[in-house]
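Undergrad: Pasting the sequence and the predicted model now:
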Amino acid sequence: MFDKNFLFILLVVWGIPSTYFRSKFRKIVYKTDDWKINIKPLFKKEIIALFSNLYPENNEYLKTRDQYRAYLIVYLLIFIFYISQ
């Protein structure tokens, strides 16, 4: 269906905005604006926030979480197509 090289390029291009989405999501989850949150390996709370409803009253969190989920689902689908080729 798709050429493996095309899927690889698509995977790389789709991965470029991941730093933006992850940074925005982590800043909300860990309640900080410090840039160092992007390089710290703090995963547990981030994973819980991604798959549950950590701050149900925070509309920005809910919107960002849903956008990040959609982004990751598309990334996962591209990756699955790539490895299945």
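TA: Looks like it came in fine.
Undergrad: buried set for the helix ranked longest in the chain?
TA: The residue-count maximum for a helix in the chain (DSSP state H) belongs to helix 59-84. Along helix 59-84, these residues count as buried under the neighbour rule (16 or more other C-beta atoms under 10 Å): Tyr61, Thr64, Arg65, Tyr68, Tyr71, Tyr75, Ile78, Phe81. Just so you know, the C-beta spots here come from the backbone N, C-alpha and C atoms, and that holds for glycine as well.
Undergrad: Show me what that helix is packed up against.
TA: helix 4-15, helix 18-29, helix 44-51 (3 or more C-beta pairs under 8 Å, 6 or more residues apart in numbering; DSSP states H and E).
Undergrad: so where is the chain shaky, pLDDT-wise?
TA: 1 (pLDDT under 70).
Undergrad: run the last query once more with 90
TA: 1-4, 19, 34-44, 85 (pLDDT under 90).
Undergrad: what's the span of stretch 43-58, first residue to last?
TA: 20 Å (C-alpha to C-alpha, to the nearest Å).
Undergrad: Need the contact partners of that stretch.
TA: Residues outside stretch 43-58 that contact it (C-beta atoms under 8 Å, 6 or more residues apart in numbering): Phe25, Arg26, Ile28, Val29, Tyr30, Tyr61, Leu62, Arg65, Tyr68, Arg69, Leu72.
Undergrad: Nearest spatial neighbour of Arg26, chain-adjacent residues omitted?
TA: Sequence neighbours aside, Ile37 is the residue nearest to Arg26 in space, at 5.0 Å (criterion: C-beta to C-beta, 6 or more residues apart in numbering).
Undergrad: Burial check on that neighbour, number of neighbours?
TA: By other C-beta atoms under 10 Å, 17 other residues sit near Ile37.
Undergrad: In this structure it contacts Arg22, no?
TA: No. At 9.6 Å, Ile37 does not count as touching Arg22 under the criterion of C-beta atoms under 8 Å.
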